[in-house]
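Undergrad: next input, structure requested:
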Amino acid sequence: MSLFSPYTLRGVTFPNRVVISPMSQYRAKDGFANDWHLVHLGRFALGGAGLVFCEATAVEERGRRTAGDLGIWRDDHVPGLSRIVRFIAAEGAVPGIQLAHAGRKASELRPWHGGTPLNDEDMQLRGEAAWDAIAPSPVPFGDGWPVPREMTEGDIATTLTAYREAAARSLEAGFKVIEIYASHGFLVHEFYSPISNQRADAYGGDFDSRIRFAVEVAEAIREVWPENLPLIFRVSATDWLDGGWDVDDTVALAKRLKASSVDMMDCSTGGIGGAMRAGRMPFAHGFQVPFAERVRRDAAIPTMAVGMIWDPGEAEAIVADGRADLVALAREVLDDPNWALHAQAALSGDDSFETWKPEFGWWLAQRQRMVKKLGLR
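TA: Residues are numbered from 1 along each chain as shown. Next comes the predicted model:
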């Protein structure tokens, strides 16, 4: 089984190719991880995944998407994250962190509260005050959104320092993989997409200028992130919009990032603008896999496939056929945290529970034998 074969990236070996994609929970307060995050992430390590990512974790306080985002902009954020890292690693999975900056998507309500910009009513209801957003250009995320402040070169330098310091804290916390969140309309995506970047200086205009910030973020992280630990870049491989970023751009960016010590491209798509949502995005099972395949082939860099993947046979084929090196799941594992264990049993035909933690597997095997003997199922 290719999906359950080990995979090594730099000095880190994943026990299998199943990745738990970062999934924002919006349960932090002032950026601090708590018991919710420990239980939420810990169950995926118990469920057999090879790599477990923490959710988007803000490198600056102003870079949070919501007031409930995880953070790593302060030294005292490290102990709570370290607790989670220790549990994930002790149960046999590799702990990863996604470093994020929301850019113009900052100061937003949690999705179930409406997903719109914070206002005075939210201060009254939840004590959550709005904050000012920054972006490459003063272009709002969508209709009804505030105009972000255009970043100065001083702002850019400060933000690069924030990424570097966040990477150092990630190392202190014990993470073994960093992923740069550069998709779905977050700050790094805002720089490389011509939809959101209307600058005329060294960080805007032509392709080389628009990708400069992305490359500098990777280089800033690698200054403190050890050579034996992987660095992954999550890209929106296309904006799905005329005049926007496309897969040819992604291949060119991947080649540049590879030269800057990025080890893998995590290929998602879309998300650049609220008022310009991509109506031609073809939602279907594994609809983003072709982007991972194309980037892997044409940029000669390992890739991760993500997006509406839930069938074990399809996930196996993605890896076995060389379309991607890792397969990431998100909402599917919210429904079934043991997806990896169930997938391994389905692909192997072995329902003995031998691959489960004995605290679960022994009892389930006992029950299975009794149920079969009694003919109850």
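
Undergrad: okay, now residue 295: neighbour count?
TA: Neighbourhood size, residue 295 [other Cβ atoms under 10 Å]: 27. Every C-beta, even on glycine, is put in place using the N, C-alpha and C of the backbone.

Undergrad: and it, what is it in contact with?
TA: Applying Cβ atoms under 8 Å, 6 or more residues apart in numbering, we find residue 295 in contact with 237, 247, 250-251, 254, 265, 267, 301, 303.

Undergrad: same question, residue 322
TA: Residue 322 touches 293, 296, counting by Cβ under 8 Å, 6+ apart.

Undergrad: do the same with residue 105
TA: The contact partners of residue 105, by Cβ under 8 Å, 6+ apart, come to 65, 133, 141, 185-186.

Undergrad: ok, residue 16 next?
TA: 3-7, 48-50, 340, 344.

Undergrad: circling back to that earlier point, list buried members of the contacts of residue 105 by neighbour count.
TA: Buried by 16 or more other Cβ atoms under 10 Å: 65, 133, 141, 185-186, out of those.

Undergrad: and the closest residue to residue 67 other than its chain neighbours, how many neighbours does it have?
TA: Computed as Cβ to Cβ, 6 or more residues apart in numbering, the closest residue to residue 67 that is not its neighbour in sequence is residue 128, at 4.2 Å. Counted with other Cβ under 10 Å, residues neighbouring residue 128 total 18.

Undergrad: again with residue 285
TA: Residues near residue 285, counting by other Cβ under 10 Å: 11.

Undergrad: mind checking which of the contacts of residue 16 are buried?
TA: 3-4, 7, 48-50, 340, 344.

Undergrad: quick check, nearest of the residues you listed to residue 80?
TA: Nearest to residue 80 among these: residue 49, at 21.1 Å, using Cβ to Cβ.

Undergrad: any idea which element the closest one lies in?
TA: Counting by DSSP states H and E, residue 49 is held by no secondary-structure element, helix or strand.

Undergrad: the stretch 151-300 of the chain: helices as residue ranges?
TA: In the stretch 151-300 of the chain, the helices defined using DSSP state H, counting those that start in this stretch lie at 153-173, 187-192, 207-210, 212-222, 247-259, 289-299.

Undergrad: could you export the ones you listed as JSON lines, including mean pLDDT?
TA: Shown next, in JSON lines, are these (pLDDT from 0 to 100):
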{"stretch": "helix 153-173", "mean pLDDT": "98"}
{"stretch": "helix 187-192", "mean pLDDT": "98"}
{"stretch": "helix 207-210", "mean pLDDT": "98"}
{"stretch": "helix 212-222", "mean pLDDT": "98"}
{"stretch": "helix 247-259", "mean pLDDT": "98"}
{"stretch": "helix 289-299", "mean pLDDT": "98"}
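
Undergrad: residue 70 is nearest to which of these?
TA: With Cβ to Cβ as the criterion, residue 70 lies closest to helix 153-173 of the helices of the stretch 151-300 of the chain, at 11.1 Å.

Undergrad: just want the angle from that closest one to helix 212-222.
TA: In terms of direction (axes from the mean of the first three to the mean of the last three Cα atoms, to 10 degrees), helix 153-173 departs from helix 212-222 by 30 degrees.

Undergrad: any residues touching helix 153-173, and which ones?
TA: Under Cβ under 8 Å, 6+ apart, the answer for helix 153-173 is 57, 59-60, 63, 72-73, 75, 77-78, 81-82, 85, 97, 99, 101, 134, 151, 178, 180, 187, 201, 203, 213, 216-217, 220-221, 223-226, 229.

Undergrad: before we move on, what about stretch 140-151?
TA: Residues from elsewhere that reach stretch 140-151 (Cβ under 8 Å, 6+ apart): 103-107, 116-117, 132-139, 159, 185, 199, 273-276.

Undergrad: do the same with stretch 81-95
TA: Contact with stretch 81-95 is made by 12, 14-15, 33, 37-38, 41-42, 44-46, 49-52, 54, 57, 70, 72, 97, 170, 172-177, 357, as judged by Cβ under 8 Å, 6+ apart.

Undergrad: mean confidence score for it?
TA: On average, the pLDDT along stretch 81-95 is 98.

Undergrad: in that stretch, which residues are buried?
TA: Under 16+ other Cβ under 10 Å, the buried positions of stretch 81-95 are 81-85, 87-89, 91, 93-95.

Undergrad: between these, which sits nearest residue 313?
TA: The nearest member of those to residue 313, counting by Cβ to Cβ, is residue 93 at 22.9 Å.

Undergrad: and that closest one, how close does it get to residue 44?
TA: Counting by Cβ to Cβ, to the nearest Å, the separation of residue 93 from residue 44 is 7 Å.

Undergrad: cool, and residue 134?
TA: Distance from residue 134 to residue 44, counting by Cβ to Cβ: 33 Å.

Undergrad: please name every helix or strand in contact with the lowest-mean-pLDDT helix or strand in the chain.
TA: For the chain, counting by mean pLDDT, DSSP states H and E, helix 120-126 ranks last in confidence among helices and strands (a mean of 73). The criterion is 3 or more Cβ pairs under 8 Å, 6 or more residues apart in numbering; DSSP states H and E, and there are no helices or strands that helix 120-126 contacts.

Undergrad: quick thing: my sequence starts at 21, can you match it?
TA: In the new count, where the first residue is 21, that last one comes out as helix 140-146.

Undergrad: show residues contacting the next helix-or-strand element following it.
TA: Next along the chain after helix 140-146, taking DSSP H and E as the criterion, comes strand 154-155. Residues from elsewhere that reach strand 154-155 (Cβ under 8 Å, 6+ apart): 82, 123-124, 126, 168-171, 175, 207, 210, 216.

Undergrad: just the buried subset of the residues you listed, please.
TA: Using 16+ other Cβ under 10 Å, the buried members of those are 82, 123-124, 126, 168, 171, 207, 210, 216.

Undergrad: now these in TSV, with distance to residue 261?
TA: Shown next, in TSV, are these (distance: Cβ to Cβ, whole Å):
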residue	distance to residue 261
82	27
123	18
124	16
126	22
168	19
171	23
207	19
210	14
216	11
